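Undergrad: quick one, structure for this:
(one chain, ligands or ions: 1)
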Amino acid sequence: MVRDYSTLHDPNAEYTMRDLSGETMGVTADRGGPRDLEITDVQTTMVDGNFPWTLVRVYTDAGVVGTGEAYWGAGVPELIDRMRPFLVGENPLDVDRLFEHLVQKMSGEGSIGGVTVTAISGVDVALHDLAGKVLDAPAYQLLGGKYRDRVRVYCDCHAGEEADPESNADEAERVVEELGYDALKFDLDVPSGHEKDRANRHLRNPEVEHKVDIVEAVTERVGDRADVAFDCHWTFSGGSAKRLANQLEGYDVWWLEDPVPPENHDVQREVTQSTSVPIAAGENVYRKHGHRRLLEEQAVDIIAPDMPKVGGMRETRKIADMADTYYTPVAMHNVASPVATMASAHVGTAIPNSLAVEYHSYQLGWWEDLVEEDVIEDGYIEIPEDPGLGVTLDMDVVEEHMVDGEELFDEA
Ligand code: MG
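TA: Numbers count the residues shown, from 1 in each chain. All right, here's what the predicted structure looks like:
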């Protein structure tokens, strides 16, 4: 059953809230030239990629359409439907105000964190594409311009179920030589055969040795041909994470990601400050507020926000700015289609402290077919100079891979 939220009244209307609508602020009444336009509709279509990608389109009365993408998650399309009445009639060029407007209006659905922020992120990406097209400027220009002509991409790699050190090293070799990446990531929370009880988060010494063997095999195989990060997916206790990091200090580890669960900042900070191995975290928290303590407490060496989940392009720029006050680099987590991947790359060129953007779909086969343009070439994304994001959905491919029951977007 598809529920239509657009006809519901504003559930927050009875409360006194900071009213950031254009109507109240006099924004929609004071328009001229290219600002004389308003949002007429917002639509979503889910595509069955290696994750269920939620594509978003924002329509205007000028016939210009912006395309974005939200991180996957159950309920995201419904939440975007719920936002429609808060967007229709608004001026799409007020990207920053509309973000705050949606956070206010969606407070009942939970807009401090979680899928509501994810849904708002997808709208923000579409608004950047739309505003760029209206103003005839690439999206990065809306974020302050370029630091670099191409943004580095790291390839998230998988070496099959066996996860023995040599199969990881073989895959690293293949991805570097055949696919042309100079930056990789491998999972380090893989079974070693020595586990007794994974629920207690404690690593036995043979498990630590197995992980060190993987890191040694991969880093020594690729040598200086590629940087290699390792992801632990929030698996270990603080003590085990420290023991693991300590034993990896002799190897060329780009970063060790999420060795401990994301909730306890004290443990996160202690692990990070106990080792010279760079520790990355951030994909599980939302908005700049979620990243503030990680940065202020210097609980990470590298911050890893997921742009179409954390709050969108502008919010990621704000997180990067906050990170830069602690001289902390940004490695954007990313499991998106080419749409949000390109949007992350626009952010990546607009901030000084970008390390790389993740690519998580090298085994999918048709990832790049979703758009008409080339996106990743030889491990880098060249930033397009076309207005907006500079990518165009191939609607035949969207239709071919739509999740069952989804409908294709309307024409502009
Ligand atoms: Mg991760």
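Undergrad: every contact and neighbour count from this point should use C-alpha atoms.
TA: Fine.
Undergrad: and the nearest residue to D164 once chain neighbours are set aside, how many neighbours does it have?
TA: Leaving aside its sequence neighbours, D164 sits nearest to I214 (C-alpha to C-alpha, 6 or more residues apart in numbering; 7.0 Å). Per other C-alpha atoms under 10 Å, the neighbour tally for I214 reads 22.
Undergrad: then T116?
TA: T116 is flanked by 27 other residues according to other C-alpha under 10 Å.
Undergrad: now swap in R152 and tell me
TA: Counted with other C-alpha under 10 Å, R152 comes out at 23.
Undergrad: go on, D404?
TA: Around D404 there are 9 other residues, counting by other C-alpha under 10 Å.
Undergrad: what about the longest helix along the chain, distance to the chain center?
TA: Ordering each helix of the chain by length in residues (DSSP state H) puts helix 115-135 first. The chain centroid and the centroid of helix 115-135 are separated by 13 Å, computed with C-alpha atoms, centre = their mean, to the nearest Å.
Undergrad: following it, which helix or strand comes up?
TA: Once the chain leaves helix 115-135, the next helix or strand it forms, by DSSP states H and E, is helix 139-142.
Undergrad: and that following helix, how far out from the chain's middle?
TA: On C-alpha atoms, centre = their mean, the centre of helix 139-142 falls 17 Å from the chain's centre.
Undergrad: got the CA positions of the very next helix or strand once past that helix in PDB?
TA: Per DSSP H and E, the first helix or strand lying C-terminal to helix 139-142 is strand 150-156. Output of strand 150-156 as PDB, limited to C-alpha atoms (Å, rounded to 0.1, in the frame of the first residue of the first chain):
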ATOM      1  CA  ARG A 150      39.600  15.600  -9.800                       C
ATOM      2  CA  VAL A 151      38.700  13.900  -6.600                       C
ATOM      3  CA  ARG A 152      40.400  10.700  -5.500                       C
ATOM      4  CA  VAL A 153      38.200   7.600  -5.100                       C
ATOM      5  CA  TYR A 154      39.000   4.600  -3.000                       C
ATOM      6  CA  CYS A 155      37.600   1.200  -3.900                       C
ATOM      7  CA  ASP A 156      36.000  -0.900  -1.200                       C
END
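Undergrad: who does strand 150-156 touch, helix- and strand-wise?
TA: strand 183-187, helix 338-350, strand 354-359, strand 380-382 (3 or more C-alpha pairs under 8 Å, 6 or more residues apart in numbering; DSSP states H and E).
Undergrad: related to what we said a few turns ago, quick one: the residue nearest to D164 from L370, how far?
TA: Here I214 is placed at a distance of 34 Å from L370 (C-alpha to C-alpha, to the nearest Å).
Undergrad: repeat for N91
TA: According to C-alpha to C-alpha, N91 stands 29 Å off from L370.
Undergrad: do A62 as well
TA: Counting by C-alpha to C-alpha, the separation of A62 from L370 is 26 Å.
Undergrad: which one's more surrounded, those two?
TA: More crowded of A62 and L370, by other C-alpha under 10 Å: L370, with 23 against 14.
Undergrad: I'd guessed that one sits against V398; true?
TA: Yes: in terms of C-alpha atoms under 8 Å, L370 counts as a neighbour of V398; the distance is 6.3 Å.
Undergrad: give me the angle between the host helix or strand of R84 and helix 115-135.
TA: Using DSSP H and E, R84 maps to helix 76-87. Angle between the axes of helix 76-87 and helix 115-135 is 60 degrees (criterion: axes from the mean of the first three to the mean of the last three C-alpha atoms, to 10 degrees).
Undergrad: just how off-centre is helix 76-87 within its chain?
TA: In terms of C-alpha atoms, centre = their mean, the centre of helix 76-87 is found 20 Å from the chain centre.
Undergrad: quick check: what element follows it along the chain?
TA: Helix 76-87 is succeeded, C-terminally, by helix 95-105 (DSSP H and E).
Undergrad: before we move on, the earlier item: could you dump the helices and strands packed on strand 150-156 to a markdown table with mean pLDDT, distance to D258 and mean neighbour count?
TA: As requested, the helices and strands packed on strand 150-156 are arranged in a markdown table below (pLDDT from 0 to 100; distance: least, C-alpha to C-alpha, whole Å; neighbours: other C-alpha atoms under 10 Å):
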| stretch | mean pLDDT | distance to D258 | mean neighbour count |
| --- | --- | --- | --- |
| strand 183-187 | 97 | 11 | 23 |
| helix 338-350 | 98 | 21 | 28 |
| strand 354-359 | 98 | 15 | 24 |
| strand 380-382 | 98 | 25 | 21 |
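Undergrad: tabulate these (JSON lines), appending distance to L130.
TA: What follows is the helices and strands packed on strand 150-156, written out as JSON lines (distance: least, C-alpha to C-alpha, whole Å):
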{"stretch": "strand 183-187", "distance to L130": "32"}
{"stretch": "helix 338-350", "distance to L130": "12"}
{"stretch": "strand 354-359", "distance to L130": "23"}
{"stretch": "strand 380-382", "distance to L130": "20"}
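Undergrad: and those: which comes nearest L393?
TA: For those, proximity to L393 was assessed by C-alpha to C-alpha; helix 338-350 is nearest, at 8.1 Å.
Undergrad: which residues touch the closest one?
TA: 67-70, 125, 139-141, 143-151, 307-308, 313, 316-317, 332, 334-335, 354, 356-357, 359, 367-368, 370-371, 375, 381, 383, 389, 391 (C-alpha atoms under 8 Å, 6 or more residues apart in numbering).
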